[in-house]
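Chemist: Here is a sequence with its predicted model. Questions after.
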Amino acid sequence: MILGIYGSGGSGCEVREIAEQQNIWEKIVFIDDMVEVGVFKGIERMPFKSFVQIYDKDTAEIVIALGEPEHKIALCHKVKEKEYPLAKVLHPMAWISPSANLEEGLIVHAQSFISSDTLIEENTCIEPGTIVGHDCIIRRNCQIAPNATLGGHCEVGEGTYIGMNVSVKEGIKIGKNSIIGMGSTVLRDIPENVIALGNPARVMKYKNGTKVFR
């Protein structure tokens, strides 16, 4: 099976190294729509339109290695339109409970801890040192930055970005398409489509730029 890593920036290079440690793909290829067909860091790199001409959906799968949820969503739609399966890239030094339900397209970095009975939906990235408590739900297309901690029974909405070193109290719900700024402590539910930060985290503005007046 061929692995296409969609994105050849820093995230893509990290994912390539994890995939090489998994050692289950016969070949790894970078996909990047901003470049021509060529070689990058010793492996093939090409736009998606070239990838679909060279590698068949029955013999290749793709993982999306971008940090911005909106970009992840857009590329996921492109991949699904061409009916390519999404790959799981899981670092061998991550601890994942046998009872956790991990959907396709996931990236899990080293030293992450995913506890029992969690659900992590497709096209989500769990970065190094993250702790996901028991019975958590992380919806599709999320990005969880390094050293974030989610207490048990938390729910993170689709397309949400949780920054570095964020702590989320158990039982908290974070709405879809929101951003939690790095270092924040989340002690109460956060609505959708907002930017929240601080200790305790408070909604500062809506993602359309409208400020929140108090």
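Modeler: That came through, no problem.
Chemist: Surely residue 159 is in contact with residue 176?
Modeler: Yes - between residue 159 and residue 176 there is a contact at 5.5 Å, judged by C-beta atoms under 8 Å. Just so you know, the C-beta spots here come from the backbone N, C-alpha and C atoms, and that holds for glycine as well.
Chemist: Need the overlap of contacts for these two.
Modeler: Applying C-beta atoms under 8 Å, 6 or more residues apart in numbering, one finds that residue 159 and residue 176 are jointly contacted by residue 139.
Chemist: Looking at those two now, which is surrounded by more residues?
Modeler: residue 159 (24 against 17; other C-beta atoms under 10 Å).
Chemist: and that one, what does it touch?
Modeler: With C-beta under 8 Å, 6+ apart, residue 159 has these contacts: 69-70, 72-73, 139-142, 176-177.
Chemist: need the helix or strand of this protein with the lowest average pLDDT.
Modeler: Across the helices and strands of the chain, mean confidence by mean pLDDT, DSSP states H and E is lowest for strand 202-206: a mean of 94.
Chemist: Flag every buried residue along it.
Modeler: Neighbour counts over strand 202-206 (16 or more other C-beta atoms under 10 Å) mark 202-203 as buried.
Chemist: quick one: contacts of that strand?
Modeler: For strand 202-206, the surrounding residues in contact (C-beta under 8 Å, 6+ apart) are 190-191, 193-198, 211-212.
Chemist: beta partners of the residue nearest to the spatial centre of the chain?
Modeler: In the chain, the centroid-proximal residue (C-alpha atoms, centre = their mean) is residue 125; its distance is 2.1 Å. Bridge pairing for residue 125 (DSSP bridges) gives the partners residue 107, residue 143.
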